[in-house]
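Asker: got a sequence here, can you model it:
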Amino acid sequence: MNQNKFPKVNFIGNKEKLSDWITKEFPKDSESVLDLFSGGCSISYAAKKLDKVVYSNDILKINYYLAKSLIENQKVKLDEKDLDLIFSGKPFSGYMTENYSNVYYFKEECKELDLYRQNIEKIRNKFKKSLAFSLIRKAMIRKRPYSRFNVLWEKVVQLRDENYSYEKYKRKRAYHNLSFKHHFLEEVASYNNAIFDNKKQNKAYNLDAFDALKKIKADVIYLDPPYPGTMNDYQAFYGILDNFIFSKEKKIANKIFTNKKKSEEEFHCLFSKIKNFKYLFLSHNNNSYPSLKIMKEILDSYFYEVKIIKKDFNYQITGARNKHKNTEYLFKAKIK
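Answerer: Numbering: from 1, shown residues only. Just a heads-up that it's a prediction; the model follows:
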């Protein structure tokens, strides 16, 4: 099996530690996989390591860039010339400074982001550009307490005070105060080393899930939607990263699976559109909604030979002191 290591992506809901358990269930006769809600793309990466043709899709542009870098890309890496370009020049006031100073970062930090974005746009190679955006994404998340963007600025300032952090949590969060450049350069090697060629024509997509179902055909479809009842508001957690890329506010036009009252209806709608595949795999856990029983009933109405396997799993929410016991479920089904 390929020994390339998946890099740190800091994505809430990422299935990295479960990826081998999930992908080993993919049938031996399957040659291609669509990861419909790819997020941090750990399942896509594990499938790529199994020499599958991987189609990785996500509605967020920043997640698309991550998949472009690690799934579609087979050999292109960042070099010293690229790094010199990215970090050249003088910080200036642009979109991030004007809109997000003392909202997500301090003013001087926002000026740095405006510079880096301008420089990344000068990179002509599409894979190098994707890698650069993926690495600045990692740096931006690393500097945020709890690794997400829905924490109020007053709390951010508190937690970036190392003395306060130590008094309250018995540890200093010095990494929040290290520069974007530091965090970027710290991860370049791990991202470069994660790139490999599985000799397949893998593809990253940045589509609404329903549009992707119309466009893509594969043997396996894997679903890990943002379930209601879980930490699922990825627009709030990571939407600012898309704003950074486009230098304007970007909102998800069709936010599905965020409302408990509508979720059963939305799953019926989603499953009814799944036609161009042989096998379905769906991640679920004990905190997800609809319940395990209801989800099984919905799946039974569209697919056949629906089975469930489970795995006990402890996870740590960033900022929480204790690990939380969780039961992960994987639905498997054949498509009619």
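Asker: pull the helix or strand with minimum mean pLDDT from the protein.
Answerer: Taking mean pLDDT, DSSP states H and E as the measure, the chain has helix 162-169 as its least confident helix or strand, at a mean of 78.
Asker: export only the CA atoms of it, formatted as CSV.
Answerer: The C-alpha trace of helix 162-169 is given here as CSV (Å, rounded to 0.1, in the frame of the first residue of the first chain):
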residue,chain,number,x,y,z
GLU,A,162,-0.6,33.8,26.4
ASN,A,163,-0.7,34.7,30.1
TYR,A,164,-4.5,34.5,30.2
SER,A,165,-4.5,31.3,28.2
TYR,A,166,-2.1,29.7,30.7
GLU,A,167,-4.1,30.8,33.7
LYS,A,168,-7.3,29.5,32.3
TYR,A,169,-6.2,26.4,30.4
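Asker: how far does it sit from the chain's center?
Answerer: How far helix 162-169 lies from its chain's middle: 29 Å, per C-alpha atoms, centre = their mean, to the nearest Å.
Asker: just checking, next helix/strand downstream of that helix?
Answerer: Counting by DSSP states H and E, the next helix or strand C-terminal to helix 162-169 is helix 180-194.
Asker: helices or strands up against that next one?
Answerer: Here helix 180-194 touches helix 80-86, helix 107-120, helix 126-142, going by 3 or more C-beta pairs under 8 Å, 6 or more residues apart in numbering; DSSP states H and E. Bear in mind the C-beta positions are built from the backbone N, C-alpha and C, glycine included.
Asker: in three-state terms, label Asp312 for me.
Answerer: strand (DSSP: H, G, I helix; E, B strand; the rest coil).
Asker: list the contacts of the closest residue to it other than its chain neighbours.
Answerer: The shortest distance from Asp312 to any non-neighbouring residue, by C-beta to C-beta, 6 or more residues apart in numbering, is to Thr327 (5.7 Å). Thr327 makes contact with Asn285, Asn286, Lys310, Lys311, Asp312, Phe313 under the criterion C-beta atoms under 8 Å, 6 or more residues apart in numbering.
Asker: any of these buried? List them.
Answerer: Buried subset of the contacts of Thr327 (neighbour count, 16 or more other C-beta atoms under 10 Å): Asn285, Phe313.
Asker: ok, back up a step: just name the most buried of the helices and strands packed on helix 180-194.
Answerer: helix 126-142 (a mean of 23; mean count of other C-beta atoms under 10 Å).
Asker: any idea which helix or strand comes after it?
Answerer: Downstream of helix 126-142 (by DSSP H and E), the next one is helix 153-159.
Asker: ok, residues contacting that next one?
Answerer: Asn102, Val103, Tyr104, Arg144, Pro145, Val151, Tyr164, Ser165, Arg173, His176.
Asker: ok, 7 Å please
Answerer: Asn102, Val103, Pro145, Tyr164, Ser165, Arg173, His176 (C-beta atoms under 7 Å, 6 or more residues apart in numbering).
Asker: now for the last one, how many residues are close by?
Answerer: Using other C-beta atoms under 10 Å, His176 has 17 other residues around it.
Asker: circling back: would you list the helices and strands packed on helix 180-194 in CSV and tack on distance to Leu70 and mean pLDDT?
Answerer: Converted to CSV, these look like this (distance: least, C-beta to C-beta, whole Å; pLDDT from 0 to 100):
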stretch, distance to Leu70, mean pLDDT
helix 80-86, 17, 98
helix 107-120, 17, 98
helix 126-142, 8, 97
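Asker: can you redo these as a markdown table with distance to Ser301?
Answerer: Output for those, formatted as a markdown table (distance: least, C-beta to C-beta, whole Å):
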| stretch | distance to Ser301 |
| --- | --- |
| helix 80-86 | 51 |
| helix 107-120 | 47 |
| helix 126-142 | 39 |
